[in-house]
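> no letters, just coordinates:
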């Protein structure tokens with residue numbers, strides 16, 4: 001006799017539920033198998049999306065006997081070498097940029113345009129940023145000479161070759177990396193613009209109340225293979241003028257010492273690429289003192305950069321975007337004929353003699369006046385290197401005031417920013433409207449005629465950019481950023 005167990009409603013529900021659960025488990029397993037076959041693992045996909053980076057460097061120290069650019073003096077030796085260093089970045093879609101740091105005082109647009117075109121032709125790198133440290137114990141980079149006639153043209157020729165080569169090398173060495181971004185407190189110098197209260201004239205000194213950029217920014221490229229950094233891009237804003245202007249020894253000043261400190265701690269194979277921020281109105285401190293104090297300031301900055309490296313946050317985005325915008329900064333219009341004549345009448349030397357150099361320059365201005373023309377505008381090229389909405393490097397030419405870097409940090413729609421001035425060329429100081437409104441009282445960086453001590457007074461521009469150029473600059477930079485959602 002077979003006893004049959006009666007299925008109550010409750011037992012029937014449990015049985016059906018068990019069958020459904022079993023079916024769900026089987027279905028889930030099948031789906032997982034299909035997805036596993038159809039898709040790479042998360043780690044593999046992440047690896048495919050990873051940034052690639054490469055780095056390289058070359059010694060570009062000029063031969064002993066060349067003329068140090070500012071102040072002019074003949075070199076008799078080398079305190080520390082000058083380097084060209086590069087960080088090459090590329091995303092999974094092939095978007096790329098080469099960021100070159102140079103231990104040189106600067107270069108004009110002609111030299112930079114020529115060199116960047118040669119890099120593009122010989123390496124295929126579309127976007128190269130040539131960032132100059134602006135150290136005053138080095139030399140300017142000139143256009144590649146048509147032929148070598150002396151040690152200066154020889155050095156320029158070899159240096160162009162070296163920069164092209166390190167970009168090619170960095171691109172060839174590019175490997176998957178993780179990128180990190182960081183910032184730490186740092187201050188190498190002080191604002192250098194002070195106002196003489198009785199006269200209202202701006203003069204140069206130590207203004208501890210004036211604006212500065214009180215940080216060092218870093219971008220770290222860590223090898224996914226070894227977990228170690230291959231390069232550190234770092235930026236701070238202050239004129240490298242701690243090395244005394246009387247020293248006849250070539251030096252990279254504090255940026256060179258900072259880069260050496262980073263490599264000393266992280267390893268000699270780690271390339272530390274420096275970018276000068278908005279240091280146009282900031283002097284390294286103490287001004288024109290000793291090599292030892294320049295080295296000490298650099299080591300201090302290097303330690304701050306290392307602290308930023310240690311605390312740096314991983315960048316999650318995998319998208320690299322490089323954008324460019326160009327505008328032109330107007331010069332001041334010529335004066336009236338009466339004012340021009342007053343300038344001629346006062347064009348004297350300190351001993352009261354007619355200064356023919358000033359008179360000749362004013363005659364060039366008169367020619368513009370008679371032709372009904374204004375002095376030419378200044379070229380302004382802005383780049384933005386953006387990684388998603390997380391990180392942005394803004395680069396500008398010229399000797400930009402620190403207020404622009406502070407404004408970028410406040411307004412840019414990114415978690416972290418980095419700002420370079422002195423990049424891809426330049427034509428002197430670019431101040432802000434507040435300084436330009438002082439006219440002839442605006443000091444060395446912003447003074448207009450009849451202030452012959454103004455940086456642009458003897459130039460083809462006959463003075464600084466016109467009031468209103470600050471808005472042009474900010475609008476140009478902001479046009480590169482993604483719109484706020």
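Now that the structure is in, tell me what you want to look at. Just so you know, these numbers come straight off a predicted model, no measurement behind them.
> what ranges do the helices span in the stretch 251-400 of the chain?
Ranges of helices within the stretch 251-400 of the chain are 253-266, 291-310, 337-345, 356-371, based on DSSP state H, counting those that start in this stretch.
> where's the most centrally placed residue in the chain relative to residue 133, distance?
Taking Cα atoms, centre = their mean, the centroid of the chain lies closest to residue 420, which sits 2.3 Å from it. As judged by Cβ to Cβ, to the nearest Å, residue 420 and residue 133 stand 10 Å apart. C-beta coordinates here come from the backbone N, C-alpha and C atoms, glycine included.
> just confirm residue 177 is within a strand.
Yes - assigned with DSSP: H, G, I helix; E, B strand; the rest coil, residue 177 falls within a strand.
> specify the beta-bridge partners of it.
residue 51, residue 223 (DSSP bridges).
> ok, now residue 394?
Note on residue 394: beta-bridge partners residue 384, residue 419, judged by DSSP bridges.
> what residues are up against it?
By Cβ atoms under 8 Å, 6 or more residues apart in numbering, residue 394 lies in contact with 382-384, 408, 412, 417-420, 477, 480.
> so where is the stretch 351-485 of the chain shaky, pLDDT-wise?
Scanning the stretch 351-485 of the chain for pLDDT under 70 picks out 485.
> mind listing the shared neighbours of residue 420 and residue 133?
Residues touching both residue 420 and residue 133 by Cβ under 8 Å, 6+ apart: residue 276.
> hang on, residue 173 packs against residue 52?
No - judged on Cβ atoms under 8 Å, residue 173 makes no contact with residue 52 at a distance of 9.5 Å.
> domain assignment for the protein?
The chain breaks down into these domains under automatic domain parsing: 46-324+381-420, 326-379+434-478.
> so which helix or strand takes in residue 84?
Using DSSP states H and E, residue 84 sits in strand 83-90.
> give the rounded mean pLDDT of that strand.
Mean pLDDT, computed over strand 83-90, is 98.
> for the residue lying closest to residue 279 once chain neighbours are set aside, grab phi and psi.
The shortest distance from residue 279 to any non-neighbouring residue, by Cβ to Cβ, 6 or more residues apart in numbering, is to residue 237 (4.2 Å). As for residue 237, its main-chain torsions (degrees, to the nearest 10) stand at phi -120, psi 110.
> local confidence estimate at residue 237?
98.
> low-confidence stretches in the stretch 51-200 of the chain?
In the stretch 51-200 of the chain (pLDDT under 70), no residue qualifies.
> which parts of it are helices?
Using DSSP H, counting those that start in this stretch, helices in the stretch 51-200 of the chain cover 109-123, 151-172.
> next, format those helices as TSV and append distance to residue 327 and mean neighbour count.
Formatted as TSV, the helices of the stretch 51-200 of the chain follow (distance: least, Cβ to Cβ, whole Å; neighbours: other Cβ atoms under 10 Å):
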stretch	distance to residue 327	mean neighbour count
helix 109-123	14	17
helix 151-172	27	19
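> ok, back up a step: can you put the helices of the stretch 251-400 of the chain in TSV and add mean neighbour count and distance to residue 428?
As requested, those are exported to TSV (neighbours: other Cβ atoms under 10 Å; distance: least, Cβ to Cβ, whole Å):
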stretch	mean neighbour count	distance to residue 428
helix 253-266	24	20
helix 291-310	21	24
helix 337-345	13	20
helix 356-371	14	15
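> I'd like to know which of these lies nearest to residue 456.
helix 356-371 (11.6 Å; Cβ to Cβ).
> counting by contacts, list what that closest one packs against.
helix 337-345 (3 or more Cβ pairs under 8 Å, 6 or more residues apart in numbering; DSSP states H and E).
> the helix it packs on versus helix 356-371: what angle between them?
170 degrees (axes from the mean of the first three to the mean of the last three Cα atoms, to 10 degrees).
> and the contacts of helix 337-345?
Helix 337-345 has contacts (Cβ under 8 Å, 6+ apart) with 334-335, 359, 362, 365-366, 369, 449-450.
> mind checking the domains of the chain for the one nearest to residue 427?
Of the domains of the chain, the one closest to residue 427 (Cβ to Cβ) turns out to be domain 326-379+434-478, at 5.2 Å.
> out of the contacts of helix 337-345, who's nearest residue 250?
For the contacts of helix 337-345, the nearest to residue 250 is residue 449 (35.5 Å; Cβ to Cβ).
> which of the three states applies to that closest one?
coil.
> and the angle from the strand holding residue 84 to helix 109-123?
Going by the same axes, to 10 degrees, strand 83-90 makes 60 degrees with helix 109-123.
> how far is strand 83-90 from where the chain is centred?
Put simply, strand 83-90 sits 12 Å off its chain's centre (Cα atoms, centre = their mean, to the nearest Å).
> listing partners with orientation, what would you give for it?
Here strand 83-90 has these sheet partners by DSSP bridges: strand 51-59 (antiparallel), strand 96-102 (antiparallel).
> which parts of it are buried?
Buried positions in strand 83-90, judged by neighbour count with 16 or more other Cβ atoms under 10 Å: 83-90.
> could those residues be laid out in a markdown table, adding distance to residue 118?
Shown next, in a markdown table, are these (distance: Cβ to Cβ, whole Å):
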| residue | distance to residue 118 |
| --- | --- |
| 83 | 20 |
| 84 | 14 |
| 85 | 18 |
| 86 | 14 |
| 87 | 19 |
| 88 | 16 |
| 89 | 20 |
| 90 | 20 |
